[in-house]
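Student: The sequence and its predicted three-dimensional model are supplied below.
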Amino acid sequence: MKEEIMKIKLNKNKFMEDYIENLQRITLKNFEDTSDKDKYFALCDTIMERINQEWRDCKNKTKKTKKAYYFSAEFLVGRSLGNNLINLGIYDEVKELLDEIDIDFESIENFEDDAALGNGGLGRLAACFMDSAASQKIDMYGYGVRYREGLFKQKIENGFQVEEGDHWIKDGDGWSIRVESDSKIVKFRDQTVKAVPYDMPMLGFENGQVNTLRLWQSEPFEEFDFSYFNNFQYDKAVEEKNRAEDITRVLYPNDIQREGKVLRLKQQYFFCSASIQDLVEKYKKYFENDLQFENFPKYHVIQLNDTHPIVAIPELIRVLVDENGIDFDRAVEITKKTFAFTNHTVLQEALETWPKDIMLEVCPRCFDIIEKINDKLVEDFKAKGLSEEAIDPYRIIRYDQIRMANLAIVMSISVNGVAKLHTKILKDDTFNHWYKIMPEKFNNKTNGITPRRWLVYSNIRLSNFITDKLGSDDWKYDLNKLKELEKYLEDDKVLEEINQIKYENKKDLARYILEQENIVINPDSIFDIQIKRIHEYKRQHLNILHIINLYHRIKKNPDMNFYPTTFILGGKAAPGYFRAKAIIKLANEVARVINKDPDVNKKLKVVFIENYRVSYGEKLFPAADISEQISTAGKEASGTGNMKFMLNGALTLGTYDGANIEIFEKAGVENNYIFGAKVEELNSIRDSYSPKEYYHKNSDIKDAVDSLVSGELNDDNSYMFLDIYNSLINPQGGEKADSYFLLKDFEDYKKVHEKINEEYSDRKTWARKALKNIANAGYFSSDRTILEYAKDIWKI
Ligand code: GLG
């Protein structure tokens, strides 16, 4: 690729010529009559043409080598234009070229819809891994679903979340190639459809590697059933087409919480079946002399991203046995050597189980196969003398429920968690019974983020500064090099520069927020940001309750020493998650009340970002002073937003949870703000915990909680605030009050905010802490993570 970059650099005229030609060809218009959207799509074409050769070469070169396959129901890619230009090494050049013909790159960029084919961290992690694998020259292909509708667009109307469709490809898709000839037939019990692959190139960073993300789209097996047409049953023909297309029509908008719907299992089986067929078919084509499949695991390792793609396990067995005549036991042995499983959460409501009848309705043969595996497993345990009771936790099928995680653990070479603490909880608790009998399978792979998107592309100022200070841009390939920045810790001029960069980024964000949200914010204030999916365990309501109390205190005591602060929150709630939606309404209502109050609005501002998404994140992370990572200890498996903030020089205000702990370890606890109870403490008080006691003993807590029902805040008769109130202090119907320990951690949280507020004015010390964080963020590169998977699990 280096060569290709040179070619483009040397041949600017050719690039321009091609671009204009493409633009006119796809629009049938003269240049001056084309729209910005046309200009965007023509640019995609011009870049895709340049990638094509390398892409084919990479596909050909790796036909007969071992590859990793990342199976995931979600790939939260976001936009591709800027990132692809960065990875091709021609970002600046193309910007300049466009400038010469009066095209503003940024406005063109805005015509790209985010590919929001994921909900949150799990899907974004998959996208970061794609970038890192290519950048580290690891042959890893992604397999997933091409949802026609990505994650819903969030509108805020009168403070409430309203969901709108996200038909992201309605105007076209500049980054995919439809590979019709690789289509597969997927059979369900009641329906047969065609799976058509759309391939997206995944570019390595300036290294010539192009991996493939293959996303399957569901289409009717035959475009129209002509027998219906002949009988004048047009409706029936259209119905069949719709039924086929329904399967990949929409991404399920639930992060964490699973939804046991037939269509969801259909989606899972659809992409897993097509992907497995693809691998087996290619194996037969390129490895003719080994049709016994004994060597299949030598060339394939399939990483299962959470429980969603686990149905690929029985599907591989089915294809081997039913379609290739392999004996069942051998098929099981081959399969066992092929899969590896990643768990992303310990929340019970996320561990997928499928009722037997749903599986029978979707893919009955898979149920047969799972049942056989389960019978064998139970038999083996009995032979070892285990009682029925002792066997129970291991059963894959129990009370007609199929426990997908158990299936994956039995059938995988590896089981991993996504941060140290998370893996420890898996071993000690969630999967302890398994860990006891197969400890060698369990391992940790702390998550990471790609520095290309999350720094090089989105924070150009800081990126240039780093290159300047380190004297080269090697750090973009090896993020550990950031450590060398520590030599500037006592350099006042450099520290001043750090503050200046942050300030410029904050001004950019303030402009953008004014444009998007119509709220004026002050770049001289502290930017305190919490952006992530809305969930009780992430405790956005702790943040908001604290803001309410702070507001009251400032109002009561206007002369109180207080550094102006802007609290920014953003995130989507699952459409069916009432309490999460209540938290959004609360954030918006608190923002409304505070922002219009002339007594405080010079000191305090609250912004709820509408429609938080990857491309909005790219503007928020670079501008943060404080990164709010305040989940209940033990609940956030890792978090990855925390890493993006750190890399961009924000200090973490966080609990001892997930990867926060490792951030504190690397950057030093003294350079971040830690608060709240640890897991062990919470475990020991769980049964005796009484939130009411905290409520009565602490007047600030009472003040904040009471305001939910005092009438000061208006929830438009939705009873949403009452619901939050009750959830905190009144146990209801089996649900304990305050099961996420907000009130327990409140006082500590308030204190740490006071500390931040005081220490922020010492700008030099603050900059030094920021630099300490940046310099130690190298470990959190997904390059490191993916190399660990490759070395420890995939052996490639
Ligand atoms: C999960 C977890 C996050 C984790 C992410 C990626 O909740 O803590 O960082 O996966 O491993 N559902 C998720 O987003």
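Tutor: Arrived safely. Numbering: from 1, shown residues only.

Student: Look up phi and psi at the residue in the stretch 401-550 of the chain that the ligand sits nearest to.
Tutor: Nearest residue of the stretch 401-550 of the chain to the ligand (CB to the nearest ligand atom) works out as residue 418 at 4.0 Å. No exception for glycine: its C-beta is placed from N, CA and C like everyone else's. Dihedral pair for residue 418: phi -120, psi 10, per degrees, to the nearest 10.

Student: Please report how far it lies from residue 61.
Tutor: 31 Å (CB to CB, to the nearest Å).

Student: Pick out whichever of these two has more residues nearby.
Tutor: Using other CB atoms under 10 Å, the more surrounded residue of residue 418 and residue 61 is residue 418, with 29 against 11.

Student: measure residue 198 to the ligand for me?
Tutor: Applying CB to the nearest ligand atom, to the nearest Å, the value for residue 198 to the ligand is 24 Å.

Student: Repeat that for residue 563.
Tutor: In terms of CB to the nearest ligand atom, residue 563 sits 31 Å off from the ligand.

Student: Wasn't that residue part of a strand?
Tutor: No - if the criterion is DSSP: H, G, I helix; E, B strand; the rest coil, then residue 563 is coil and not within a strand.

Student: Contacts only, for the closest residue to the ligand within the chain.
Tutor: Nearest residue of the chain to the ligand: residue 121, at 2.9 Å (CB to the nearest ligand atom). Neighbouring residues of residue 121 by CB atoms under 8 Å, 6 or more residues apart in numbering: 255, 344, 447, 532, 533, 638, 639, 640, 641.

Student: does the second one count as helix, strand or coil?
Tutor: The one in question is residue 344. Quick answer, by three-state DSSP: residue 344 is coil.

Student: and it, what is it in contact with?
Tutor: 121, 122, 305, 306, 350, 418, 637, 638.

Student: The first one too?
Tutor: For residue 255, the set of contacting residues under the criterion of CB under 8 Å, 6+ apart consists of 119, 120, 121, 122, 533, 535, 574.

Student: I'd assumed residue 254 was in contact with the last one.
Tutor: Right, the one you point to is residue 574. Yes - between residue 574 and residue 254 there is a contact under CB atoms under 8 Å: 4.7 Å.

Student: which of the two has more neighbours?
Tutor: residue 574 (21 against 17).

Student: who are the neighbours of the helix or strand hosting residue 86, in terms of helices and strands?
Tutor: Using DSSP states H and E, residue 86 sits within helix 81-88. If you count contacts as 3 or more CB pairs under 8 Å, 6 or more residues apart in numbering; DSSP states H and E, helix 81-88 packs onto helix 2-10, helix 36-61, helix 91-100, helix 105-109, helix 121-135, strand 192-203.

Student: export the last one as CSV, just CAs?
Tutor: What follows is strand 192-203 as a C-alpha-only set of coordinates in CSV (Å, rounded to 0.1, in the frame of the first residue of the first chain):
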residue,chain,number,x,y,z
THR,A,192,-36.2,-20.7,2.6
VAL,A,193,-34.3,-17.5,1.8
LYS,A,194,-31.3,-16.4,-0.1
ALA,A,195,-28.4,-14.8,1.8
VAL,A,196,-26.5,-12.3,-0.3
PRO,A,197,-23.1,-11.1,1.0
TYR,A,198,-22.1,-7.4,0.9
ASP,A,199,-18.4,-7.1,1.4
MET,A,200,-16.8,-4.0,3.0
PRO,A,201,-13.0,-3.5,2.8
MET,A,202,-11.3,-3.2,6.2
LEU,A,203,-8.1,-1.2,5.5
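
Student: and this protein, which residues reach the ligand?
Tutor: 120-122, 125, 255-256, 344-345, 418, 447, 636-640, 658 (CB under 6 Å from any ligand atom).

Student: again, 5 Å this time
Tutor: By the rule CB under 5 Å from any ligand atom, the part of the chain lying against the ligand is 120, 121, 122, 125, 344, 345, 418, 636, 637, 638, 639, 640.

Student: State the mean pLDDT of the helix or strand containing residue 547.
Tutor: Per DSSP H and E: residue 547 is located in helix 540-556. Regarding helix 540-556, the rounded mean pLDDT is 98.

Student: Please list the outside residues in contact with it.
Tutor: 530, 534, 560, 562, 567, 569, 571, 583, 586-587, 590, 593-594, 597, 599-600, 603-604, 606, 628, 630, 700-701, 703-705, 707, 713, 724, 742, 745-746, 749-750, 753.

Student: try 7 Å
Tutor: Here helix 540-556 makes contact (CB atoms under 7 Å, 6 or more residues apart in numbering) with 530, 534, 560, 562, 567, 569, 583, 586-587, 590, 594, 599-600, 603-604, 606, 628, 630, 700, 703-705, 707, 724, 742, 745-746, 749-750, 753.
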